[in-house]
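**Q** Give the three-dimensional model of this entry:
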Amino acid sequence: MHPYEYPYDSYDRHRSDEPRLDRVTHLVFVDGRLVDTWREPAVGTEWEAVARQHDREARPPEPPPKPQHERVLEWLVDVCGSRAAVDSLTAEPLDDDATDLPAEYAERSAGDRMVATAELLDAVAERWFDTESSVAFRHALLALWAEDPETVTRAATAAHLAGGICWAVGKANGLFSPAGTMRVGVLQEALALRSPAAGYGGAVRAALRGFRGQPLDRWSRPSGVPDLLALGRTDLLLGVTRSRLVRIRDRARAAAEAA
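**A** Alright, predicted model coming up:
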């Protein structure tokens, strides 16, 4: 096999990913008449640098980076779920309306799971957090049951489900380190879990976020905003978190108006 026909380069990159450099054309003239022509790769020849320079010149210019205020507003949409949710966000704390569990279930085991999980959530909130956190946990449990009940019934135990909810809601509000002061391990110990709460927390997060699109990569998070788990919904955000997001929103809007 000719070395230029091998599909991978020395860095194990497929050559199809590189700009085409096989465009050195040779023309053979005899007495002024063209008698032969062929093409060969420019790689490894004295014309490779010229070919690469032509490739660079042919590339479209890279778009300018987005202004910081635009990136912040996009992050807020990711956290809150929609631009309308960002616009209507207030610093009001969560209230305890509509936090009662359903009265009837198709299967008794589902009702037992909901009741046991709710009791664990209340106990964790009372011991480690506050009343508003208990409301946020209840909202998450009810949202799971309404939107993806299998996440409730599929958990190994009520403690695993409660741990996943506490982890997701806590991360969404920056309660756990590094954004907050509490260690996730405390939650694991409180619920007597042998595995990390984040284990089932991933399933809870996916169910709560639903089909709201892929969350921004953590490396795409703009500077100057808190490290919050984006669930794409405001019904799980505490008043202190809402207040912080409102300030960020207003500052981003002010920067947009000044631009």
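
**Q** Going along the chain, name the helices of the protein.
**A** For the chain, helices defined by DSSP state H occupy the ranges 48-58, 68-80, 83-88, 108-128, 131-147, 149-154, 158-172, 184-190, 198-209, 239-258.

**Q** Which of the ones you listed has the highest mean neighbour count?
**A** helix 158-172 (a mean of 26; mean count of other CB atoms under 10 Å). Glycine gets a C-beta too; all of them are placed from N, C-alpha and C.

**Q** So for the nearest residue to Leu76 once chain neighbours are set aside, what's the pLDDT?
**A** Leaving aside its sequence neighbours, Leu76 sits nearest to Val86 (CB to CB, 6 or more residues apart in numbering; 4.7 Å). pLDDT for Val86: 97.

**Q** on that earlier part again, between the helices of the chain, which gets the lowest average pLDDT?
**A** helix 48-58 (a mean of 84).

**Q** circling back to that earlier point, redo the helices of the chain as TSV? Include distance to Trp38.
**A** Output for the helices of the chain, formatted as TSV (distance: least, CB to CB, whole Å):
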stretch	distance to Trp38
helix 48-58	16
helix 68-80	51
helix 83-88	58
helix 108-128	73
helix 131-147	64
helix 149-154	63
helix 158-172	62
helix 184-190	65
helix 198-209	56
helix 239-258	58
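
**Q** and of those helices, who's closest to Thr25?
**A** Nearest to Thr25 among these is helix 48-58 (11.5 Å), distances taken as CB to CB.

**Q** What score does the residue lying farthest from the centre of the chain have for pLDDT?
**A** Residue farthest from the centre of the chain, counting by CA atoms, centre = their mean, is Asp31 at 67.8 Å. If you check Asp31, the pLDDT there is 88.

**Q** Could you report the separation of it from Thr25?
**A** Taking CB to CB, to the nearest Å as the measure, Asp31 falls 20 Å from Thr25.

**Q** hang on, the earlier thing: and Ala230, which of the helices of the chain is closest to it?
**A** Taking these one by one with CB to CB, helix 68-80 is closest: 4.6 Å.

**Q** Ramachandran coordinates for the residue farthest from the centre of the chain?
**A** phi 50, psi 40 (degrees, to the nearest 10).

**Q** Next up, the contacts around Val135.
**A** Residues near Val135 by CB atoms under 8 Å, 6 or more residues apart in numbering: 94-96, 99.

**Q** Those residues, buried ones only, as a PyMOL selection?
**A** PyMOL command restricting the contacts of Val135 to the buried ones, with burial defined by 16 or more other CB atoms under 10 Å:
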select buried, resi 94+99
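
**Q** Closest to Asp235 out of the contacts of Val135?
**A** Leu94 (7.5 Å).

**Q** For that closest one, list the residues it contacts.
**A** Contacts of Leu94 by CB under 8 Å, 6+ apart are 132, 135-136, 139, 235, 237-239.

**Q** ok, those vs Glu257, which is closest?
**A** Leu237 (25.4 Å).

**Q** Not counting its neighbours along the chain, what's nearest that closest one?
**A** Asn173 (6.3 Å).

**Q** and the one you found, backbone torsions?
**A** Phi and psi for Asn173, reported as degrees, to the nearest 10, are phi -110, psi 10.
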